[in-house]
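1. Any chance you could fold what I've pasted below:
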Amino acid sequence: MTNALWQPSAERIAQANVTAFARRVAAQHGVAVDDYAALWRWSVDHKERFWRELWDAAGVLGTPGARVLENGDRMPGATWFPDARLNFARNLLERRRADDTVDALVFWGEDRVKRRVSHADLHASAARVAAALTAHGIVAGDRVAAYVPNLPETIMTMLGAAARGAIFSSCSPDFGVQGVVDRFGQIEPRILVTVDGYYYNGKVVRILDKVAEIARRVPSIEKVVVVPYLEHGGEGKADLTAVRGALDWSTWLAPFLPGPIDYVELPFDHPLYILYSSGTTGVPKCIVHGAGGTLVQHLKEHLLHGDVKPGDRVFYFTTCGWMMWNWLVSALAAQATLLLYDGSPFADRGRVLWEYADAEKMTHFGTSAKYIDAQKKIGLVPRKDFDLSTVRTILSTGSPLAPESFDYIYQCVKADVQLASIAGGTDIVSCFALGVPTRAVYRGELQCRGLAMDVDVFDEAGHSLVQAQGELVCKSPFPSMPVRFWNDPDGSTYRAAYFERYPNVWCHGDWVELTAHDGVIISGRSDATLNPGGVRIGTAEIYRQVEQLPEVVESLVIGQDWPPGEVGDVRVVLFVKLQDGLALDDALIERIRQHIRANTTPRHVPARVVQVDDIPRTKSGKIVELAVRNVVHGRDVRNVEALANPEALEQYRDRIELKS
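-> Numbers count the residues shown, from 1 in each chain. Prediction:
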């Protein structure tokens, strides 16, 4: 294949988990699956066989039952493994429960706290959490919530809750009170686990005043358990008296000794997690994910796509308000060590995560596309200063990874590495398109569609497209579809979210293209696509060009209805955040326009270019084009608590540049 940025060696292909799985499929089912394309095709055409084979190959702990799929022609309505019984936590804890010589978790705080937790210690702590929850009367189906950084105790809490069949839900501690109440207030947790504060960008951030208000406003909370994170960092013991029902972590667990865990074996679709939509257009939707579907989907992605092997050291930069935390934690089921980080990824002049990779012999380095772009902007060359010899795979998600960022990874980070841009979302707590270690990496492309994910690209009429942009869809059921939405008894909100556009087909809301290499290019969210002159344009096509200019730190683009007040055409408006000290002038505007025109089409060229000091984004770092579009058009943004920097929206309101 020509123009590949990376080709796996024959040795890597031979040793890959997916190669062994393909051999297993060929032997068990008498089919030729000699390459990834053939294996993907078989997995889609024979999804029941695939998922049953995956259960056995991954060694899922539980009873699969006789049936794999019921009502497989319905979306929604299909039921996976209807006779199965399993426990999610058991699958993450029991394989290495007695191993006190190998790290299960390594934690680096931004600058003060570092910890190690062995597999045996993790099992012991989860056992104590499960016992404490049981003593409080927590039973299967009760909710346990966490308002926490990415700490070991967060994982211990989740595992203890899942062991007893409780439903776990988390928010990161940078959420404001209203954002937490909007989420936890809907699901009514009985237990809240939190911290006294956290560290970010060299600052100590205390949150117990927010915790007290949350406990007051969510009356279902009966007990608040506080992990003394700041105390461990030398900030002194926090006063918990103002927080209703509060006690510290060690006091909560003190009556309970480590020992065997009394796992509750539950149906495949028993709820495990409640995740939340971004909430930028209203109160967040509460998306319920089942234990079995989450487990088998994540095992597939870690083992076959990520090539995670026992003893690998897997890192993803994430908060506990992003589904990548849930995804990362499942790597315990693949017998990996999880490398956790909390704090600013730009600490130590942007070097901290590379230091972590070097010091802890990281095998899988996961981050956001924006982080990679920012590293490129500051000119960091990690391969010069850090030993990254153990890193086999770099993963990126959160937004489309620009082709120039692919170049940056291979030129400045590591030449021999699998760069896996991955895409899916909170809706499926997993991926539709991602990487695989046996295929080449092409500039700007996700390597493949996920195994057993019947992904296609549709035009407006529901016809399949190849090498043309359209809607990302999935044409048949998969195990990690949401079990339901919370407080949606007739399923109408769930159906409206994914199935109204194309009947019996999941429409994900991404604007994508299938490539000649059978890869995927994502151009942005389809609800944020621009439509000047009736031609649909993905916003990523413009970001890719404008952010190549050294003056531009980042940008945001929308379509403004024009003329105003009429239902007609739109014009492209580009907002730019410039390097410190720079001001937007006519010369720079013309350079931006000419660069976009030369590398795209005249329709991509913005009618207006406007300077701003900040780009509004969600807590997980995604820019919010729709919220900005609402502000520009004088409409309310109904839930600014979903934003990390809601104050930034005011810079977009009533701009004189957009009046003519």
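
2. what about the residue nearest the centre of the chain, helix or strand, and which?
-> The geometric centre of the chain, computed from its C-alpha atoms, lies nearest to residue 324 (CA atoms, centre = their mean), at 3.3 Å. When elements are defined using DSSP states H and E, residue 324 is found to belong to helix 323-329.

3. how near is residue 315 to residue 331?
-> With distances defined as CB to CB, to the nearest Å, the gap from residue 315 to residue 331 amounts to 10 Å. From N, CA and C alone the C-beta is placed, and that goes for glycine too.

4. Correction: the previous question concerned residue 527.
-> When distances are taken as CB to CB, residue 527 and residue 331 turn out to be 32 Å apart.

5. Looking at those two, which has the bigger crowd around it?
-> Comparing residue 527 with residue 331 by other CB atoms under 10 Å, the one with more neighbours is residue 331, at 26 against 12.

6. Touching both of residue 315 and residue 331, which residues are there?
-> Here residue 315 and residue 331 share the contacting residues residue 338, scored by CB atoms under 8 Å, 6 or more residues apart in numbering.

7. Got the phi and psi for the nearest residue to residue 323 once chain neighbours are set aside?
-> Once its chain neighbours are removed from consideration, residue 323 has its nearest residue in residue 426; the separation is 4.6 Å (CB to CB, 6 or more residues apart in numbering). Summarising the backbone geometry of residue 426 under the convention degrees, to the nearest 10, its torsions are phi -60, psi -40.

8. residues in contact with residue 426?
-> Residue 426 makes contact with 275, 276, 277, 287, 323, according to CB under 8 Å, 6+ apart.

9. Distance to residue 230, pLDDT and neighbour count added to the residues you listed, as a markdown table?
-> Formatted as a markdown table, the entries for the contacts of residue 426 read as follows, by distance: CB to CB, whole Å; pLDDT from 0 to 100; neighbours: other CB atoms under 10 Å:
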| residue | distance to residue 230 | pLDDT | neighbour count |
| --- | --- | --- | --- |
| 275 | 27 | 97 | 24 |
| 276 | 26 | 94 | 25 |
| 277 | 31 | 89 | 19 |
| 287 | 32 | 98 | 24 |
| 323 | 27 | 96 | 22 |
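
10. Just the closest of those residues to residue 38, please.
-> Within the contacts of residue 426, the smallest distance to residue 38 is 30.3 Å, found for residue 323 (CB to CB).

11. how much space is there between the closest one and residue 316?
-> Separation of residue 323 from residue 316 (CB to CB): 11 Å.

12. likewise residue 100?
-> Between residue 100 and residue 316 the distance is 25 Å, computed by CB to CB.

13. Of those two, give the one with the bigger neighbour count.
-> The neighbour comparison of residue 100 against residue 316 (other CB under 10 Å) goes to residue 316, with 23 against 12.

14. what separates the nearest residue to the more buried one once chain neighbours are set aside from residue 243, distance-wise?
-> Across the structure, with CB to CB, 6+ apart as the measure, the residue nearest residue 316 apart from its sequence neighbours is residue 366 (3.3 Å). In this structure, residue 366 and residue 243 are separated by 34 Å, where distance is defined by CB to CB.

15. cool, residue 158 as well?
-> Distance, residue 158 to residue 243, using CB to CB: 22 Å.

16. now residue 250
-> 16 Å.

17. do the same with residue 255
-> Taken as CB to CB, the spacing of residue 255 relative to residue 243 amounts to 21 Å.

18. of those two, who's got more company?
-> Each of residue 255 and residue 243 had its neighbours counted (other CB under 10 Å), and the higher figure belongs to residue 243 (24 against 10).

19. Is it correct that the more buried one is in contact with residue 215?
-> Yes. Between residue 243 and residue 215 there is a contact under CB atoms under 8 Å: 5.8 Å.

20. Overlap in contacts, the two.
-> Common neighbours of residue 243 and residue 215, using CB under 8 Å, 6+ apart, are residue 224.

21. Reduced to three states, what does residue 179 come out as?
-> Of the three states, residue 179 takes helix under DSSP: H, G, I helix; E, B strand; the rest coil.

22. And for residue 22?
-> Under three-state DSSP, the three-state class of residue 22 is helix.

23. so what's it up against?
-> For residue 22, the contacting residues are 33, 34, 39, by CB under 8 Å, 6+ apart.

24. In PyMOL, select just the buried ones from those residues.
-> Those of the contacts of residue 22 that meet the burial criterion (16 or more other CB atoms under 10 Å) are gathered into one PyMOL selection, given here:
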select buried, resi 33+39
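
25. how about the contacts of residue 22 in CSV, adding secondary structure and distance to residue 522?
-> Listed next are the contacts of residue 22 as CSV, based on DSSP: H, G, I helix; E, B strand; the rest coil; distance: CB to CB, whole Å:
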residue, secondary structure, distance to residue 522
33, coil, 27
34, coil, 28
39, helix, 23
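
26. of the contacts of residue 22, closest to residue 128?
-> residue 39 (42.5 Å).

27. Was I right to think the closest one contacts residue 449?
-> No. Under the contact definition of CB under 8 Å, residue 39 does not touch residue 449, with a separation of 11.2 Å.

28. Can you list the residue ranges for strands in the stretch 1-150 of the chain?
-> Remark: strands of the stretch 1-150 of the chain, listed N- to C-terminal, are 4-6, 62-63, 69-70, 79-80, 85-86, 103-109, 114-118, 143-147; assignment by DSSP state E, counting those that start in this stretch.

29. now do the stretch 151-300 of the chain
-> Remark: strands of the stretch 151-300 of the chain, listed N- to C-terminal, are 167-171, 191-195, 197-200, 203-206, 223-227, 246-248, 266-267, 271-276, 286-290; assignment by DSSP E, counting those that start in this stretch.

30. now the stretch 401-550 of the chain
-> Taking DSSP E, counting those that start in this stretch to define them, one finds strands in the stretch 401-550 of the chain at 418-421, 423-425, 430-434, 441-442, 448-449, 455-458, 470-474, 484-485, 506-514, 520-525.

31. Out of those, which gets nearest to residue 24?
-> Put simply, out of those the one that sits nearest residue 24 is strand 448-449, at 19.0 Å, with distance taken as CB to CB.

32. which stretches of this structure have low pLDDT?
-> Residues of the chain meeting the criterion pLDDT under 70: 1-2, 279-281, 565-568.

33. quick one, longest helix in it?
-> As assigned by DSSP state H, the longest helix anywhere in the chain is helix 119-135.

34. Identify each buried residue in that one, please.
-> By neighbour count on 16+ other CB under 10 Å, the buried set for helix 119-135 is 119-134.

35. Please report how far residue 69 lies from residue 79.
-> Between residue 69 and residue 79 the distance, using CB to CB, works out to 7 Å.

36. Check residue 137 too.
-> As judged by CB to CB, residue 137 and residue 79 stand 30 Å apart.

37. More neighbours: which of the two?
-> In this view residue 137 and residue 79 are compared by other CB under 10 Å, and residue 79 has more residues nearby, 19 against 9.
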